[in-house]
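# A structural model of the following input is requested.
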Amino acid sequence: MAEHSDPAGRMATEAARPRAELGGPADAATPRAEPSRPAEAASVRAELRLPDRVRFSQLPPLALYMHLPWCVRKCPYCDFNSHEVGASGQRPAHPEPGTAGPGPHAIPVTTPITTPVTTPFADSGHALDPALERRYVDCLRRDLESALPTIWGRPVHTVFLGGGTPSLFSPDAIDVLLSSVRALLPLVPAAEITLEANPGTVDVGRFEGFRQAGVNRVSIGVQSFDGRHLEALGRIHDARAARAAAEAAARHFDNFNLDLMYGLPGQRPADCERDIAFALEYEPPHLSVYNLTLEPNTVFAKYPPQLPDEDAIADMQDAIEARLAHAGFEHYEVSAHARPGRRCRHNLNYWQFGDYLGIGAGAHSKLSLPDRVLRQARYRQPGSYMDAAERGAPIAEAHEVAPRELPFEFMLNALRLTEGVPVTLFSERTGLDLAVVARRIGAAVADGLLDPDPMRIRPTPLGLRFLNDLQQRFLD
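Numbering: from 1, shown residues only. Purely as a prediction, here's the structure:
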């Protein structure tokens, strides 16, 4: 799992994708609540009178997501738009499901890949071909330039470089990329700029280079500090590399996230608690903790491993929440825990139904205009994307979101927040009157799924437990 919640291709219609990416990793295995009474649901639909167009008095905050699609080896549980770096002419260890082999997205590396990693960092063996790196960064700049008319003048509050494994790109490439962003977009002062990195693809010098390029937050895909579980997950790094990456992140960045997973093959509650204890040794400001789920079109979906039973997973989740609360973390979203003042601003923008421009292979955008909401998707395959970007036409799909779809999309995101959102945010971010969902909110309150506080839309503990069902009540 990765920390970013949307635009590389899952939440896409996440709202229309959901990572959780939505109903995502932490809650996908929970039991489901009883559906709403059919007559009541029909009555709610009958009373909705949605306008043909929406109206925004003020546009939502804007974030920028940049997708860097390559990784050393695609993990068997991963359903993101990621593509293996392969030695020239060599078939990847795990071809992308549905393909016969590496195809045009298998990118040559400067030296052969050897896995598993046996040293803390293996940067020199996992570098992208410099010519490809330059071409892709140039295509991102072209993509951004072509998007400017749609977002002209709007300040950008956060930047997120997700993947794939963005740390495969050199610090010089990241410096060029972020320099283009600063030249083309008005970044707010102290904008949060996050880069995802995986152990086994970074060393101390690389972290320092990313920081000098302008990255002020890193998200490390540790997943576990136990070598047995890393091997079961198909990760390229071992426990020593996981520790070294966490230590280097803590040394070079005062703001960083560690990704962990639980419910792993062969994992016991005590193993999960040890992973949390190891993570806390590095005093991270933020932890993202996901329940492993078997997603369609992955290796694990085709060859499912034996996972812990539901009782064991529930024990792990309870232990995680208790241990992190004791350590001073706020459990502010289904899978996200942060120390006070250190919540991920980029992901909060997704969950609060803000706008985002997504550039790069397979990236998705949600952009509000004064009278409508647009969604866009870039070409998914890196080669196709680069060819299209060089033609000045990187967008593969674009459509206007119908007003009737906006209430569900808003709730799909906002209800993941444990504190919910102010009721006024619904109109601010959808351009619709709250009355269009008032009956549904009332029904969810009556069933104990939403808090009765008239000033907030907030899930109760029961609502969080049955989050999928709560979200689906707002599906037209």
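
# C-alpha only now, for contacts and for neighbours.
Fine.

# Kindly format the C-alpha coordinates of the helix or strand hosting Ala241 as CSV.
Assigned by DSSP states H and E, Ala241 belongs to helix 239-252. Below are the C-alpha coordinates for helix 239-252, written out as CSV (Å, rounded to 0.1, in the frame of the first residue of the first chain):
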residue,chain,number,x,y,z
ALA,A,239,14.1,-5.9,7.6
ARG,A,240,17.6,-4.2,7.7
ALA,A,241,16.7,-2.0,4.7
ALA,A,242,13.4,-1.1,6.3
ARG,A,243,15.1,0.1,9.5
ALA,A,244,17.8,2.0,7.5
ALA,A,245,15.2,3.8,5.4
ALA,A,246,13.1,4.8,8.4
GLU,A,247,16.3,6.0,10.2
ALA,A,248,17.4,8.0,7.2
ALA,A,249,14.0,9.6,6.8
ALA,A,250,14.0,10.7,10.4
ARG,A,251,17.5,12.1,10.1
HIS,A,252,16.7,14.2,7.0
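
# Which strands and helices lie in contact with the top helix by length along the chain?
Counting residues, the longest helix found in the chain (DSSP state H) is helix 130-151. Applying 3 or more CA pairs under 8 Å, 6 or more residues apart in numbering; DSSP states H and E, we find helix 130-151 packed against helix 171-184, strand 355-360, helix 382-390.

# So what's the gap between the second one and the chain middle?
What separates the centre of strand 355-360 from the centre of its chain is 13 Å, taken as CA atoms, centre = their mean, to the nearest Å.

# Please apply the same query to the first one.
The chain centroid and the centroid of helix 171-184 are separated by 22 Å, computed with CA atoms, centre = their mean.

# and if you look at the last one?
A distance of 23 Å separates the centroid of the chain from that of helix 382-390, by CA atoms, centre = their mean.

# Just the CA coordinates for it, please, in CSV.
This file holds the C-alpha atoms of helix 382-390, laid out as CSV (Å, rounded to 0.1, in the frame of the first residue of the first chain):
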residue,chain,number,x,y,z
PRO,A,382,4.0,5.1,-19.8
GLY,A,383,4.9,4.8,-23.4
SER,A,384,1.5,5.9,-24.7
TYR,A,385,1.4,8.7,-22.1
MET,A,386,4.8,10.1,-23.2
ASP,A,387,3.9,9.9,-26.9
ALA,A,388,0.6,11.8,-26.1
ALA,A,389,2.2,14.4,-23.9
GLU,A,390,4.7,15.2,-26.6
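
# got the contact list for Tyr136?
Met386 (CA atoms under 8 Å, 6 or more residues apart in numbering).

# please renumber so the chain begins at 35
OK, 35 is where the count begins now, so the last one is Tyr170.

# mind checking pLDDT for it?
Here the pLDDT value assigned to Tyr170 is 98.

# what does Arg245 give?
For Arg245, pLDDT reads 96.

# Is it in contact with His286, as I believe?
Yes: at 7.4 Å, Arg245 counts as touching His286 under the criterion of CA atoms under 8 Å.

# Just list whatever residues bridge to Leu294.
Leu294 has these beta-bridge partners by DSSP bridges: Gln257, Val323.

# Name the stretch among the helices and strands packed on helix 164-185 that sits most buried.
A comparison of the helices and strands packed on helix 164-185 by mean neighbour count, using mean count of other CA atoms under 10 Å, puts strand 389-394 on top with a mean of 28.

# Keeping just the C-alphas, turn stretch 312-327 into CSV.
What follows is stretch 312-327 as a C-alpha-only set of coordinates in CSV (Å, rounded to 0.1, in the frame of the first residue of the first chain):
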residue,chain,number,x,y,z
PHE,A,312,9.6,-0.7,15.8
ALA,A,313,7.9,2.2,13.9
LEU,A,314,7.5,4.2,17.0
GLU,A,315,11.3,4.0,17.7
TYR,A,316,11.8,6.4,14.8
GLU,A,317,9.3,8.9,16.2
PRO,A,318,7.4,9.4,13.0
PRO,A,319,5.0,12.3,12.8
HIS,A,320,2.6,10.2,10.7
LEU,A,321,1.7,6.5,10.3
SER,A,322,-0.5,5.0,7.6
VAL,A,323,-1.6,1.5,8.6
TYR,A,324,-3.5,-0.6,6.1
ASN,A,325,-5.2,-4.0,6.3
LEU,A,326,-4.0,-6.1,3.4
THR,A,327,-6.8,-6.8,1.0
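
# Output the below-cut-off pLDDT ranges for the stretch 35-184 of the chain.
Residues of the stretch 35-184 of the chain meeting the criterion pLDDT under 70: 35, 38-83, 120-160.

# wait, what's in contact with Leu102?
Leu195, Gly196, Gly197, Gly198, Thr199, Pro200, Gly394, Ala395.

# Give the next helix or strand downstream of the longest helix of the chain.
strand 190-197.

# Nearest to Glu364 among the helices and strands packed on helix 164-185 would be which one?
strand 389-394 (24.7 Å; CA to CA).

# tell me what the closest one is packed against?
strand 96-102, helix 164-185, strand 398-403.

# between those, which gets nearest to Gln351?
Comparing those by CA to CA, strand 96-102 comes nearest, at 29.6 Å.

# Parallel or antiparallel, list what pairs with the closest one.
strand 190-197 (parallel), strand 389-394 (parallel).

# quick one: the strands in the stretch 335-484 of the chain?
364-367, 370-372, 389-394, 398-403, 406-412, 429-434, 455-456 (DSSP state E, counting those that start in this stretch).

# Point out the most buried one among those.
By mean count of other CA under 10 Å, the strands of the stretch 335-484 of the chain have strand 389-394 as the most buried, with a mean of 28.

# quick one: contacts of that strand?
Counting by CA under 8 Å, 6+ apart, 41-42, 94-103, 173-174, 177-178, 383-384, 398-402, 412, 419 sit against strand 389-394.

# Just put the contacts of Leu102 in TSV and tack on distance to Pro330 and pLDDT.
Output for the contacts of Leu102, formatted as TSV (distance: CA to CA, whole Å; pLDDT from 0 to 100):
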residue	distance to Pro330	pLDDT
Leu195	25	98
Gly196	21	96
Gly197	19	94
Gly198	18	92
Thr199	21	93
Pro200	24	95
Gly394	23	98
Ala395	20	97
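
# Buried members of those residues into PyMOL, please.
Burial among the contacts of Leu102 is assessed by 16 or more other CA atoms under 10 Å; the matching PyMOL selection reads:
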select buried, resi 195+196+197+198+199+200+394+395
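
# Now do Pro437 against Gly465, distance only.
Distance of Pro437 to Gly465, computed by CA to CA, to the nearest Å: 9 Å.

# quick one, phi/psi of the residue nearest to Tyr296 when sequence neighbours are not counted?
Spatial nearest neighbour of Tyr296, chain neighbours left out: Asn325 (5.0 Å); criterion: CA to CA, 6 or more residues apart in numbering. Asn325 has phi and psi values of phi -80, psi 130 when expressed as degrees, to the nearest 10.

# now, among the contacts of Leu102, which is nearest to Gly497?
Nearest to Gly497 among the contacts of Leu102, with distances taken as CA to CA, is Gly196, at 30.0 Å.
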